[in-house]
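**Q** using only what follows, build the 3D model:
(one chain, ligands or ions: 1)
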Amino acid sequence: MLQRALEVLTRTQEADGSWKGDYSGPLFLGPVYVAGLYVMGRSPDARTREGMLVHLRAHQNVDGGWGLDVESPSLVFTTVLNYVSARLLGVAADDPDLVRARAWFLPRGGPVGSGSWGKFILALLGLYDYAGLAPVPPELWLLPRALPFHPSRLWCHCRMVYLPMGWLYGHRARAVETPLLAELRRELYPQPYSEVDWEEARSRVAVSDAYTPRSAWLRAVNRVLGFYERIHSKRLRARALDESLTLIRGEDEATHHLCIGPLNKVLNTVVWHLARPGGLEVRAHLARLQDYLQHSEDGVRINGYNSSQLWDTAFAVQSLVASGRADGARESLERAGRFLEAEQVLEDSPHAARHYRHPSRGGWPFSTRAHGWPISDCTAEALKACLLLEPLGLNRVPRERLAQAVAFILSLQNRDGGWSTYERQRGPRWLECFNPSDVFAGIMVDTSFVECTSACVQALVAWRRAQPGAPVGRAIERGLEFLRRTQRPDGSWEGSWGVCFSYGTWFAVAGLVAGGMESGDPLLRRAAAFWRAHQREDGSWSETLQSCRERRWVEGATGHAVTTSWALMSLMAMGEGDSEAARRGVTWLRARQGAEGRWPPEPLAGVFNRTCAIHYDTYLRVFPLWALSLAAHRDSFRAAAVGR
Ligand code: LAN
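**A** From the prediction side, this is the model:
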């Protein structure tokens, strides 16, 4: 059965050596894409349009709304945006699905109840008045860089979304009026459009959309900025808009017009359409817009990134090597090795300091080299994969380049010993009090994460083994200390990029054990107790997205193969492989595998910013294989020991 799982994985590899799959899930990306095109007087081609509508209809909730992602309860933000998107794609207002949608959002105030990003996109379309938005003044970019709230200190995803938003806000950019937009203004609001109280709308948000409450600090800042909007100097604004455009250009060039993510990709494209209609910039952007499209049997979605190729490939390599059957997968590993080689970032981004970019050289991104934004843990996982390929003679990345990857990782370590995602922590944690998104948490500052920290520690340990005497000991120690410090009283760690305590605990344990922690250590005992406490009667583990939102363990209805694999890998790492818990887990996981070697589909295991689920296409092919491989090794090891 292990062999089948291995075959499934190698069979699904791309010709370029990577694993490339669906990276969708969020339901706000499609509508932003459609809205962006509409502002530019364009619409998707017929096939994409049809496909997007299939996907959109397939994920409408029974109550008539759309969730933040394909598995979540309805929000006004995503319901209004998907409604508008369907209309812009040609669906009539009396379509039964749209009638149901209106019945859901109208009693909640329509756009007025939406989380702030929904209001912004609607303002761009002329379906919401700019007076009803919290101000996004581009002048913030002109503040002294040393200020703790200079935008360059924000988490890169957040600042890259607000950068084009500031430009568009400063211009009060708005789609050319069409009869359809006039109809939409009548459909979206419970009252006539001319009677909406925009001042009041600014501070309104429906309960469904208010995950992160607007703090008193944020409300105060919004009042001050609102006042500033009335008195602002035109000259200063013009300078700020120029500066924003320069920074937008910098982002475009550093990413080959892919941009860091799908949102700023669309917004930057719209910016250039307005700043230089028909210019080179728009054309370069349009050429790479379809990189974000995912065509599949059940429609067209927008991926959350240009792909997850590097990440998936690094994990696939690790699970194939762990299977102990690398010989059978040699050809596949060889191609994967080539992909890893091809995707390492070999130079810093152009004018890095001017664009507030951390040096990139030596790092690996989540997707591809062209994307241009390397990440701490993606670099770490790729480095681990290369070092595993080395003894097999399949690593193609020369030592100097591996050393650059190590230097990149070291350059990212935070003062608290941990690692954040793309950059060292730049802003104070209290900036999170100013999170204006309503629907996400933890978007303001790139702080240390358990997962990133563990991956970096593991990679540095592997490097020290390959390169004895490498000066990484102190960094490892500080990373381990961070991991020790962040364990919760129940023995778990909270993850941020997968669901949730299972993901975090798997990473933390793997990091601590790699760093030399002994199986009898009280920390690991507590972690084992955590796993035992949550094992289900049938031997599996199951954790849901709700855990991330509520920040406490919330169990699913049935066992999950991915959660169970994380639990098993963690138990085996901490020396609990022979325990009753591990044995029952392994039995469940084996029985769950289908005859053709796959594990049946299950709820999404990826998450971001505590609220939004995202699909990792390879997780069901990689983690069960990996966990069962480790278990099989133990079995054969035990058999050999008994025989002796
Ligand atoms: C990702 C994708 C990769 C992911 C890992 C490398 C797996 C993780 O270990 C670190 C965080 C990171 C880089 C990550 C952060 C948040 C992202 C970029 C995403 C989940 C993909 C999409 C998401 C992005 C923020 C979506 C746009 C929404 C905003 C709130 C700006």
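**Q** for the helix ranked longest in the chain, give me every contacting residue.
**A** Taking residue count as the measure and DSSP state H as the definition, the longest helix of the chain comes out as helix 619-643. Residues from elsewhere that reach helix 619-643, judged by C-beta atoms under 8 Å, 6 or more residues apart in numbering: 1-2, 5-6, 8-9, 12, 312, 315-316, 318-320, 322-324, 561-562, 564-566, 568-569, 572, 577-578, 582, 586, 589-590, 592-593, 598-599, 601-602, 605-606. Just so you know, the C-beta spots here come from the backbone N, C-alpha and C atoms, and that holds for glycine as well.
**Q** how about residues contacting stretch 234-253?
**A** With contact meaning C-beta under 8 Å, 6+ apart, stretch 234-253 is reached by 137-142, 160, 163-164, 166-167, 170-171, 259-260, 264, 268, 271-272, 275, 281, 284-285, 349-351, 354-357.
**Q** swap the cut-off to 7 Å and go again
**A** 138-139, 141-142, 160, 163-164, 166-167, 170, 259-260, 264, 268, 271, 275, 281, 350-351, 354-355 (C-beta atoms under 7 Å, 6 or more residues apart in numbering).
**Q** go on, stretch 428-446?
**A** Stretch 428-446 is touched from outside by 68, 75, 77, 115-117, 134, 148-149, 154-156, 158, 205, 209-212, 215, 217-218, 221, 420-423, 425-427, 447, 609-612, with contacts defined as C-beta under 7 Å, 6+ apart.
**Q** taking the contacts of stretch 234-253 one by one, which sit in helices?
**A** For the contacts of stretch 234-253, secondary structure assignment (DSSP H) places 160, 163-164, 166-167, 170, 264, 268, 271, 275, 281 in helices.
**Q** okay, those in TSV with pLDDT next?
**A** Shown next, in TSV, are the ones in helices among the contacts of stretch 234-253 (pLDDT from 0 to 100):
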residue	pLDDT
Met160	98
Leu163	98
Pro164	98
Gly166	98
Trp167	98
Gly170	98
Asn264	98
Asn268	98
Val271	98
Ala275	98
Glu281	98
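**Q** ok, those vs Ala514, which is closest?
**A** Met160 (32.8 Å; C-beta to C-beta).
**Q** ok, the closest one - contacts?
**A** Going by C-beta under 7 Å, 6+ apart, Met160 touches 251, 260, 264.
**Q** which of those come close to the ligand?
**A** Restricting the contacts of Met160 to those adjacent to the ligand (criterion: C-beta under 6 Å from any ligand atom) removes every one of them.
**Q** if any of those are buried, put those into a ChimeraX selection.
**A** To isolate in ChimeraX the members of the contacts of Met160 that are buried, counting by 16 or more other C-beta atoms under 10 Å, one can use:
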select :251,260,264
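**Q** how about the stretch 1-150 of the chain: which residue is closest to the ligand?
**A** Each residue of the stretch 1-150 of the chain has a distance to the ligand, by C-beta to the nearest ligand atom, and the smallest belongs to Pro26, at 6.8 Å.
**Q** what's across from that residue in the sheet?
**A** Asp69 (DSSP bridges).
**Q** count the neighbours of it for me.
**A** Here the neighbour count serves as a burial measure; for Pro26 (other C-beta atoms under 10 Å) it reads 26.
**Q** same question for Thr255.
**A** Residues near Thr255, counting by other C-beta under 10 Å, number 23.
**Q** now it: closest residue in space that isn't a chain neighbour?
**A** Setting aside the residues directly before and after it, Thr255 is nearest to Gly372 in space (C-beta to C-beta, 6 or more residues apart in numbering), at 4.5 Å.
**Q** distance of the one you found from the ligand?
**A** Gly372 sits at a distance of 13 Å from the ligand (criterion: C-beta to the nearest ligand atom, to the nearest Å).
**Q** wait, does the longest helix of the chain make contact with the ligand?
**A** No: between helix 619-643 and the ligand, judged by C-beta under 6 Å from any ligand atom, nothing touches; the nearest distance is 10.8 Å.
**Q** so Ile614 is in contact with Pro26, correct?
**A** Yes: counting by C-beta atoms under 7 Å, Ile614 sits close enough to Pro26 to count as a contact (6.3 Å).
**Q** which neighbours do the two have in common?
**A** Taking C-beta under 7 Å, 6+ apart as the contact criterion, the residues that touch both Ile614 and Pro26 are 69, 304.
**Q** tell me who's in contact with the closest residue to the ligand within the stretch 301-450 of the chain.
**A** For the stretch 301-450 of the chain and the ligand, the shortest gap (C-beta to the nearest ligand atom) falls at Gly304, measuring 3.9 Å. Gly304 sits next to 23-26, 29, 262, 614 when contact means C-beta under 7 Å, 6+ apart.
**Q** which SS state does it fall under?
**A** In the three-state summary, Gly304 is assigned as coil, counting by DSSP: H, G, I helix; E, B strand; the rest coil.
**Q** the residue of the stretch 1-150 of the chain closest to the ligand touches Val70, doesn't it?
**A** No: look at Pro26 against Val70 with C-beta under 7 Å: they stay out of range, at 8.2 Å.
**Q** and Ala529, how many residues sit next to it?
**A** Ala529 is surrounded by 13 other residues when neighbours are defined as other C-beta under 10 Å.
**Q** likewise for Ser636?
**A** Ser636 - counted by other C-beta under 10 Å - has 10 other residues nearby.
**Q** and it, how far is that from Ala462?
**A** Computed as C-beta to C-beta, to the nearest Å, the Ser636 to Ala462 distance reads 24 Å.
**Q** so what's the gap between stretch 284-292 and the chain middle?
**A** Averaged C-alpha coordinates place stretch 284-292 at 20 Å from its chain's average position (C-alpha atoms, centre = their mean, to the nearest Å).
**Q** out of the contacts of stretch 428-446, which touch the ligand?
**A** Okay, of these touching the ligand (C-beta under 6 Å from any ligand atom), that's 421, 609.
**Q** restricted to helices, list the contacts of stretch 428-446.
**A** Secondary structure assignment by DSSP H places 77, 116-117, 156, 158, 217-218, 221 of the contacts of stretch 428-446 in helices.
**Q** looking at the stretch 151-300 of the chain, which residue is nearest the ligand?
**A** Closest point on the stretch 151-300 of the chain to the ligand, by C-beta to the nearest ligand atom, is His157, at 4.1 Å.
**Q** surely that residue is in contact with Gly261?
**A** Yes: in this structure, His157 sits in contact with Gly261. The criterion is C-beta under 7 Å, and the distance is 6.0 Å.
**Q** all strands for the chain, in order.
**A** Taking DSSP state E as the criterion, the chain carries its strands at 66-67, 74-75, 293-296, 299-302, 606-608, 612-614.
**Q** from Gln546, how far off is the residue lying closest to Asn222 once chain neighbours are set aside?
**A** Leaving aside its chain neighbours, Asn222 sits nearest to Ala134 (4.8 Å; criterion: C-beta to C-beta, 6+ apart). When C-beta to C-beta is the yardstick, Ala134 and Gln546 sit 29 Å from each other.
**Q** these two: which is more packed in?
**A** The residue with more neighbours, out of Ala134 and Gln546 and counting by other C-beta under 10 Å, is Ala134; that gives 20 against 17.
**Q** which parts of stretch 268-279 are buried?
**A** Buried positions in stretch 268-279, judged by neighbour count with 16+ other C-beta under 10 Å: 268-273, 275.
**Q** quick one: contacts for whichever residue of the stretch 351-500 of the chain sits closest to the ligand?
**A** Residue nearest to the ligand within the stretch 351-500 of the chain (C-beta to the nearest ligand atom): Trp497, separated by 3.8 Å. Contacts of Trp497 were listed using C-beta under 7 Å, 6+ apart, and they are 451, 606-608.
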